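**Student:** okay, here's the prediction I keep looking at, along with the sequence it came from:
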Amino acid sequence: MTVLIILSVVWVTVLVLALVGYLGLAAIYLHRARSHVAGIADDLEAVAEGTEPLNDLLGEVATHVTAIHDDMHAVQTGLGQVVEAVSNKQTVETP
């Protein structure tokens with residue numbers, strides 16, 4: 001074997017070992033990420049189960065919030081009419 005072949009084999013071996021090392025680290029980090037994602041999924045399921053009793057109440061709350069919104073809109077419309085009437089009256093009264 002010539003020196004060039006030996007150096008080529010050594011270089012390829014180093015490259016392969018480096019790639020194996022990087023792939024091994026990637027596998028470890030992916031395994032850790034999978035366990036973290038599984039933990040997040042479990043926590044989200046717990047939140048969903050914990051908020052299940054609120055489903056009926058949220059519909060009722062939404063109804064009341066809509067009613068409040070409608071009332072506030074009516075008040076805003078009324079106040080707008082008052083402002084318009086007052087500003088028209090002041091315009092008429094100025095000499």
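**Tutor:** Arrived safely, thanks for sending.
**Student:** need the helix or strand of the protein with the lowest average pLDDT.
**Tutor:** Ranking every helix and strand in the chain by mean pLDDT, DSSP states H and E puts helix 54-93 at the bottom, with a mean of 85.
**Student:** elements contacting it?
**Tutor:** In terms of contacts (3 or more C-beta pairs under 8 Å, 6 or more residues apart in numbering; DSSP states H and E), helix 54-93 is not packed against any helix or strand. C-beta: built from backbone N, CA, C; applies to glycine.
**Student:** got the buried residues for that helix?
**Tutor:** Buried residues in helix 54-93, counted by 16 or more other C-beta atoms under 10 Å: none are found.
**Student:** gap between the two ends of stretch 43-61?
**Tutor:** 26 Å (C-alpha to C-alpha, to the nearest Å).
**Student:** and it, how far out from the chain middle?
**Tutor:** 18 Å (C-alpha atoms, centre = their mean, to the nearest Å).
**Student:** middle-most residue in this structure, spatially?
**Tutor:** The C-alpha lying nearest the average C-alpha coordinate of the chain belongs to L44 (C-alpha atoms, centre = their mean; 13.1 Å).
**Student:** from A38, how far out is it?
**Tutor:** 11 Å (C-beta to C-beta, to the nearest Å).
**Student:** same deal with G78?
**Tutor:** On the measure of C-beta to C-beta, G78 and A38 end up 56 Å apart.
**Student:** likewise for I5?
**Tutor:** As for I5, its distance to A38 is 49 Å (criterion: C-beta to C-beta).
**Student:** check L15 too.
**Tutor:** 35 Å.
**Student:** cool, and T66?
**Tutor:** Taken as C-beta to C-beta, the span from T66 to A38 is 39 Å.
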